[in-house]
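[1] My questions are about this predicted structure, shown below with the sequence.
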Amino acid sequence: MHTRNLSILALFSALALIISGLESALPPLVPLPGIRLGLANIVTLVLLYRYTAKDALLVLTVRILLSSLLFGQAVSLLYSLAGGLLSLLVMNGGNKLLNRHYLGLTSILGGISHNIGQITVALLLTQVPGVLAYLPFLMLSGILTGLFTGLCAHFMLKFLPKKL
């Protein structure tokens, strides 16, 4: 990896970590656990559109590990990794399938898959099928927050130079 590319990815990692930290300091949007805007995913979307899935994976992993260490709990690492990795996989596939168009739709798919990853971890950890009753609320949340982060990423891409 070239020094320039490594520096850019470090900056994106720092930006994603700052956004994640600020978001963790905000009060919850709704009184349901686990529902957040996921603003750090804006960085992941930007990386998928301007760089590579490998770059996005690297920044996502760094952000999740550091934010879990700094702002979360040990168990939050499992939820974040499962949701983040599944989300990245689905967004990358959606990005390719949609020929890099419809950023909002790609983000919605990421939001939904992130919540599916998290509910899967919850089901595996608790062994209680009742956690699946929470899935409709998480799906709605994934659609709304995915649309919001997709719009934010769209505007960020408009103002970000084509090549850093």
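    Thanks, I have it.
[2] which non-adjacent residue is nearest the residue most central in space within the chain?
    The centroid of the chain falls nearest to residue 41 when counting by CA atoms, centre = their mean (3.6 Å). In space, not counting the residues next to it along the chain, residue 41 is nearest to residue 149; the distance is 5.0 Å by CB to CB, 6 or more residues apart in numbering. Where C-beta positions appear, they are placed from N, C-alpha and C, glycine not excepted.
[3] Now do the same contact list for the one you found.
    Each residue near residue 149 by CB atoms under 8 Å, 6 or more residues apart in numbering is listed here: 37, 38, 39, 41, 42, 45, 107, 111.
[4] quick one: secondary structure of the last one?
    Classification of residue 111 by DSSP: H, G, I helix; E, B strand; the rest coil places it in helix.
[5] Compute the distance between it and residue 145, please.
    5 Å (CB to CB, to the nearest Å).
[6] picking that back up, state the mean pLDDT of the one helix or strand the residue nearest to residue 41 maps to.
    In this structure, residue 149 sits in helix 135-159 according to DSSP states H and E. Taken as a whole, helix 135-159 carries a mean pLDDT of 94.
[7] coming back round to it: distance of the residue nearest to residue 41 from residue 133?
    Applying CB to CB, the value for residue 149 to residue 133 is 26 Å.
[8] before we move on, what about residue 24?
    In terms of CB to CB, residue 24 sits 26 Å off from residue 133.
[9] With neighbour numbers in mind, choose between these two.
    More crowded of residue 24 and residue 133, by other CB atoms under 10 Å: residue 24, with 14 against 9.
[10] Number of residues surrounding the closest residue to that one other than its chain neighbours?
    On the basis of CB to CB, 6+ apart, the spatially nearest residue to residue 24 that is not a chain neighbour turns out to be residue 71, at 4.4 Å. Here the count is done by other CB under 10 Å, and residue 71 has 15 residues near it.
[11] Next: residue 72.
    Counted with other CB under 10 Å, the burial measure for residue 72 works out to 16 neighbours.
[12] Look up how far residue 100 lies from it.
    Going from residue 72 to residue 100 by CB to CB gives 32 Å.
[13] can you pull the pLDDT of the residue nearest to residue 24?
    With respect to pLDDT, residue 71 has a value of 82.
[14] Sort out which residues of stretch 87-105 are buried, please.
    87, 88, 90, 91, 92, 94, 95, 102, 103, 104, 105 (16 or more other CB atoms under 10 Å).
[15] Alright, that wraps it up for me.
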